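1. mind looking at a prediction? Sequence and model below.
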Amino acid sequence: MWEELGNLSGPELEVEGGERYRAGDRVVMLSPGPGAWVTSQRAVVTCVDVSAGSLIAVTPERTELPMGPGAIGADKLAHAYSVTAHRSGGQTVDVTHPLEDGGGRELAYVAMSRARGESRVHVVAPDMRHAARRLAWAWGQERRQRWAHTELSPAERLARLYHERQELRGLLPPDRSADLD
């Protein structure tokens with residue numbers, strides 16, 4: 001679709017892992033790299049050199065990120081037409097389109113709080129009634145993990161630790177060091 005809108009141009013570079021990039025592609029860095037390149041940073045490809053197997057991307061702050069063959073594999077770079085709520089950390093956009101897929105209301109809040117304006121939640125369901133029920137279930141109760149120390153008193157935590165230690169000791173083989181003489 002991005003190409004149909006006229007946003008891609010020039011030659012196409014196929015990189016290790018099968019991804020293809022052209023000038024105009026939106027990308028996200030999956031791991032840190034040299035210079036100003038940081039994990040989760042987004043950029044737009046501005047130039048592709050097929051013969052060298054390299055490209056140049058520019059960040060929203062106008063920083064140029066030259067990337068050679070070792071920097072654009074599937075573990076280093078990905079398309080960024082849609083990103084996870086966690087990958088979008090710190091980003092603000094006009095509209096968000098979060099997919100409710102079991103992340104719960106806490107993750108939905110993270111995703112929707114990225115929007116300056118509206119958020120359009122997407123749910124996989126056969127009809128609107130089922131979509132509403134799925135959202136009510138997903139957002140109807142807290143789903144985040146709780147830390148053990150928030151659930152138990154100090155005495156209960158200590159008792160569990162002692163019990164766990166006893167169980168672990170029972171798994172150890174007998175000490176045969178005296179038999180080594």
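-> Done, it's in. Numbering: from 1, shown residues only.
2. at which residues are the strands of the protein located?
-> 9-14, 20-23, 26-29, 42-49, 54-58, 64-67, 77-79, 99-100, 122-123 (DSSP state E).
3. now distance to Ser177, mean pLDDT and mean neighbour count too, for the ones you listed, in CSV please.
-> Any C-beta I mention is one placed from the backbone N, CA and C, and that applies to glycine too. Shown next, in CSV, are the strands of the chain (distance: least, CB to CB, whole Å; pLDDT from 0 to 100; neighbours: other CB atoms under 10 Å):
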stretch, distance to Ser177, mean pLDDT, mean neighbour count
strand 9-14, 59, 93, 14
strand 20-23, 60, 94, 17
strand 26-29, 52, 90, 21
strand 42-49, 58, 93, 18
strand 54-58, 59, 93, 20
strand 64-67, 55, 90, 19
strand 77-79, 52, 88, 20
strand 99-100, 57, 86, 18
strand 122-123, 61, 90, 14
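4. so which of these comes closest to His163?
-> Evaluated over these, closeness to His163 peaks at strand 99-100, with 38.8 Å, by CB to CB.
5. number of residues surrounding Arg160?
-> By other CB atoms under 10 Å, 12 other residues sit near Arg160.
6. nearest to Gly140, of the strands of the chain?
-> strand 99-100 (12.1 Å).
7. can you give the contact residues for that closest one?
-> Ala108, Val121, His122, Val123, Val124, Arg134, Leu135, Ala138, Trp139 (CB atoms under 8 Å, 6 or more residues apart in numbering).
8. go again with 7 Å.
-> For strand 99-100, the external contacting residues (CB atoms under 7 Å, 6 or more residues apart in numbering) are Ala108, Val121, His122, Val123, Arg134, Leu135, Ala138.
9. list only those of those residues flagged as buried.
-> Ala108, Val121, Val123, Arg134, Leu135, Ala138 (16 or more other CB atoms under 10 Å).
10. could you dump the residues you listed to JSON lines with distance to Arg157?
-> JSON lines is the format used below for the buried ones among the contacts of strand 99-100 (distance: CB to CB, whole Å):
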{"residue": "Ala108", "distance to Arg157": "31"}
{"residue": "Val121", "distance to Arg157": "38"}
{"residue": "Val123", "distance to Arg157": "39"}
{"residue": "Arg134", "distance to Arg157": "36"}
{"residue": "Leu135", "distance to Arg157": "36"}
{"residue": "Ala138", "distance to Arg157": "31"}
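11. spatially, which two of those are the most separated?
-> Ala108 and Arg134, at 12.1 Å, using CB to CB across the buried ones among the contacts of strand 99-100.
12. what about Trp37, distance to Lys76?
-> 9 Å (CB to CB, to the nearest Å).
13. contacting residues for Gly17?
-> Gly73, Ala74.
14. swap the cut-off to 10 Å and go again
-> Counting by CB atoms under 10 Å, 6 or more residues apart in numbering, Gly17 touches Ile72, Gly73, Ala74, Asp75, Lys76, Leu77, Ala78.
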